[in-house]
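Student: the sequence isn't on hand, but the structure is:
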């Protein structure tokens, strides 16, 4: 730069009023404290307090939450991923709710397998197994909470309108709805499928027009699907 031009510009800046060149004020720091009010539907226990402060998740409180959100069938616990707790806190805040009732959080492999045998829609590799999922009921605005959660795209959101709860997890972003409709048709369709299958003299299921025997895994999956559909139809 030309030396005279530099000096002229510098002189103009120094001569100008202080307010015209002062840096803008720093943006106010957003509060990082997070508070939750929860009730456990199975144990009757409650949690009401802050789990996060300016320094981050509070270790002692996260330990407390791991106990509160334990597998109520076995009593076993594991560390709960703070990501799913943050997700829940944001969802509650977005719909103006101050608390929720927890229906399920951490599950042992044994509990998950038991539920998979008796309840339609339980994933074999559920995020509940890793302390990254929570199922909650809200006293109001539960459908709005579900929609808000999906809009956030922070993880998985399952909507169970007939059972009045929302599943939240901090796994991959995905959405699903299980409203119970169509189970009767499922049972009818499955029975028709069974009627159309060919059975070998040894009692083996035969697949398709080629009459290729199903694998053991396919047969187990098939019978499990029928059992679940009939179980749900009987509960309605």
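Tutor: On my side now, so go ahead. Since we're looking at a predicted model, the values are computed, not measured.
Student: can you pull out the strands in this structure?
Tutor: 34-40, 46-53, 56-57, 100-104, 133-137, 156-160, 165-169, 174-177, 198-199, 205-207, 212-213 (DSSP state E).
Student: show me the domain layout of this structure.
Tutor: Annotated domains of the chain cover 34-177, 183-235 [automatic domain parsing].
Student: let me have the strands of the chain in JSON lines, extended by mean pLDDT and distance to residue 66.
Tutor: Backbone N, C-alpha and C define where each C-beta goes, glycine included. Formatted as JSON lines, those follow (pLDDT from 0 to 100; distance: least, Cβ to Cβ, whole Å):
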{"stretch": "strand 34-40", "mean pLDDT": "95", "distance to residue 66": "13"}
{"stretch": "strand 46-53", "mean pLDDT": "96", "distance to residue 66": "11"}
{"stretch": "strand 56-57", "mean pLDDT": "95", "distance to residue 66": "12"}
{"stretch": "strand 100-104", "mean pLDDT": "96", "distance to residue 66": "13"}
{"stretch": "strand 133-137", "mean pLDDT": "97", "distance to residue 66": "12"}
{"stretch": "strand 156-160", "mean pLDDT": "94", "distance to residue 66": "20"}
{"stretch": "strand 165-169", "mean pLDDT": "96", "distance to residue 66": "16"}
{"stretch": "strand 174-177", "mean pLDDT": "93", "distance to residue 66": "25"}
{"stretch": "strand 198-199", "mean pLDDT": "52", "distance to residue 66": "50"}
{"stretch": "strand 205-207", "mean pLDDT": "52", "distance to residue 66": "45"}
{"stretch": "strand 212-213", "mean pLDDT": "58", "distance to residue 66": "47"}
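Student: of those strands, which stretch is the most buried?
Tutor: Highest mean neighbour count of those: strand 165-169, a mean of 25 (counted as mean count of other Cβ atoms under 10 Å).
Student: re earlier: right, so the domains of the chain: which one is the most enclosed?
Tutor: domain 34-177 (a mean of 17).
Student: and that domain, end to end?
Tutor: Using Cα to Cα, to the nearest Å, the end-to-end distance of domain 34-177 comes out at 29 Å.
Student: of the domains of the chain, which shows the lowest average pLDDT?
Tutor: Mean pLDDT is lowest for domain 183-235 among the domains of the chain, at a mean of 52.
Student: quick one, what contacts the nearest residue to residue 43 once chain neighbours are set aside?
Tutor: Leaving out its chain neighbours, the residue that sits closest to residue 43 by Cβ to Cβ, 6 or more residues apart in numbering is residue 72, at 5.6 Å. Residue 72 makes contacts with 40, 42-43, as judged by Cβ atoms under 8 Å, 6 or more residues apart in numbering.
Student: between these, which sits nearest residue 149?
Tutor: residue 40 (20.5 Å; Cβ to Cβ).
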